[in-house]
Every structure is written in structure tokens, then in C-alpha cells.
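Visitor: I'll drop the sequence and a predicted model, then ask my questions.
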Amino acid sequence: MSALDALEPEPAEAAALFGEGFARARAFARTLAEHGEERGLIGPQEVPRLWSRHILNSAVAAPLFPAGGRVGDVGSGAGLPGIVLAIARPDVQWVLIEPMERRTIWLNEQVDALGLENVVVERARAEESGRYEGMLDAVTARAVSALRTLIPWTAPLVRDGGELILLKGQNASAEVGAAAKAIRKYKLSDVRVEVIGEGVVSEPTRVVRATVR
């Protein structure tokens, strides 16, 4: 069986979540399914759940980002959530921050292939992205690190009054508790966990949101 044969069928809700960008989302899913494992971007068990576990899990967060804003995605990897969100929100400018060269090559290939004019790929570690310090309206990340580690990487990139919108797993609330020291140090306020996508997708997404300084 080829990787494309293993790709799960497109869920009915995908078209509604992506709207006019659905054809791009489909193309991205197929390319990631076909080449993601061989290029070290996703594991061998991910293709059969690529839509439900990864693409829609990212896409349901799209409405949370400010229209016309500039948003960073730290540790973009395969483009989850950065490429997915850029497809779903063409009105937002996205900066995909990724330290590994092979992954930035992949990200640039997808930006070109999908015609995403609202995306810049930056090869750097988040903590070394000085050119964006205090310049972004929001920063997101998915499956990168524990919150107590992620906050020092992401909060400095956000302007005063901007927001962290971090996609987390089942332990999101526990991570918030464990990150109390970092939350105080980086002057985060209104820190909360939101569950989004309930009644829309089969696997809702947990998001840690916080206002910076």
C-alpha cells in the first residue's frame, strides 16, 4: 500500500474549515502523506490520521488569530500548524520559525507550491530570532515543548498586549500549573485553557492562551 492509499479520507468538516483554501489544504495533505515519512517530518503511523489528528486539529484554531496581524509559528516542522493556518487565514501574515535546514527546505517548497504569499520562513531557533523580538501580534506553537520551556522561547517575540496561542494536548491545565514561575517572569496575564472545535471536529483542540505584558 502506498502512503497516499493510507491517507484517511477527507473529513466532511474540512471543506467548511478551509473555505476557499480547501484545494490548497487537500494538496498539502497529499504531499505530506506522500513524502512526510521519508523526509523525517511525520511518523509512519500518522498518515492514516493525518486529517483528523493533525490538519483539522490545527485548522480549528484559525479564528483565534487577529485579522491583518503578523503571527509567528515556533518550531514549524512539517507545517503543523503554520502552513495549515496560513491556508485557512490568508488575511494574516505568518512567520514560520524553524531551526532545522531540511525542514525549512520543506516549508519553503510548500509555500511556493501552494502559492502562499502570506508566509515567510525563518531558519532560526526561537530564542535566537532577535529580529522579531517584540514585533509579532501573536505567537503559536504545536507539539514543541512543555509550556514552562515554551514560554521563554515565545513570549519575547510578542509585542506588548499581544497574545500566546499555544496548541497543547490533554495535559494543558497541568502544564499551566507547572509553568507558574515562567508565567510570572514573562508577565503573562489572563492565562487560560480553551477547548476549541467541540461539535465541529472529532478531536477538539486544547489551546493555552495568554496576554503578554
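Guide: That came in fine, so what should we check first?
Visitor: residue contacts, the residue sitting nearest the centre point of the chain?
Guide: When the chain is reduced to its mean C-alpha position, the nearest residue by CA atoms, centre = their mean turns out to be Pro81, at 2.4 Å. Applying CB atoms under 8 Å, 6 or more residues apart in numbering to Pro81 gives the contacts 58-59, 61, 73, 140, 142, 167. Where you see a C-beta, it was placed from the backbone N, CA and C, and this is true even at glycine.
Visitor: Now tabulate those in JSON lines and tack on secondary structure.
Guide: Shown next, in JSON lines, are the contacts of Pro81 (DSSP: H, G, I helix; E, B strand; the rest coil):
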{"residue": "Ser58", "secondary structure": "helix"}
{"residue": "Ala59", "secondary structure": "helix"}
{"residue": "Ala61", "secondary structure": "coil"}
{"residue": "Asp73", "secondary structure": "strand"}
{"residue": "Thr140", "secondary structure": "strand"}
{"residue": "Arg142", "secondary structure": "strand"}
{"residue": "Leu167", "secondary structure": "strand"}
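Visitor: most surrounded residue in those?
Guide: The member of the contacts of Pro81 that has the most neighbours, counting by other CB atoms under 10 Å, is Asp73 with 33 neighbours.
Visitor: which residue packs closest to that one, ignoring adjacent ones?
Guide: Once flanking residues are discounted, Asp73 sits nearest to Gly82: 3.5 Å by CB to CB, 6 or more residues apart in numbering.
Visitor: which sections of the protein are below the confidence cut-off?
Guide: In the predicted model of the chain, residues 1 satisfy pLDDT under 70.
Visitor: Out of the contacts of Pro81, which is nearest to Tyr132?
Guide: Taking CB to CB as the measure, Tyr132 lies nearest Asp73 of the contacts of Pro81, at 11.5 Å.
Visitor: Which positions within stretch 22-32 qualify as buried?
Guide: Buried residues in stretch 22-32, counting neighbours by 16 or more other CB atoms under 10 Å, are found at 22, 24-26, 28-29, 31-32.
Visitor: Also stretch 94-103?
Guide: Buried residues in stretch 94-103, counted by 16+ other CB under 10 Å: 94-99, 103.
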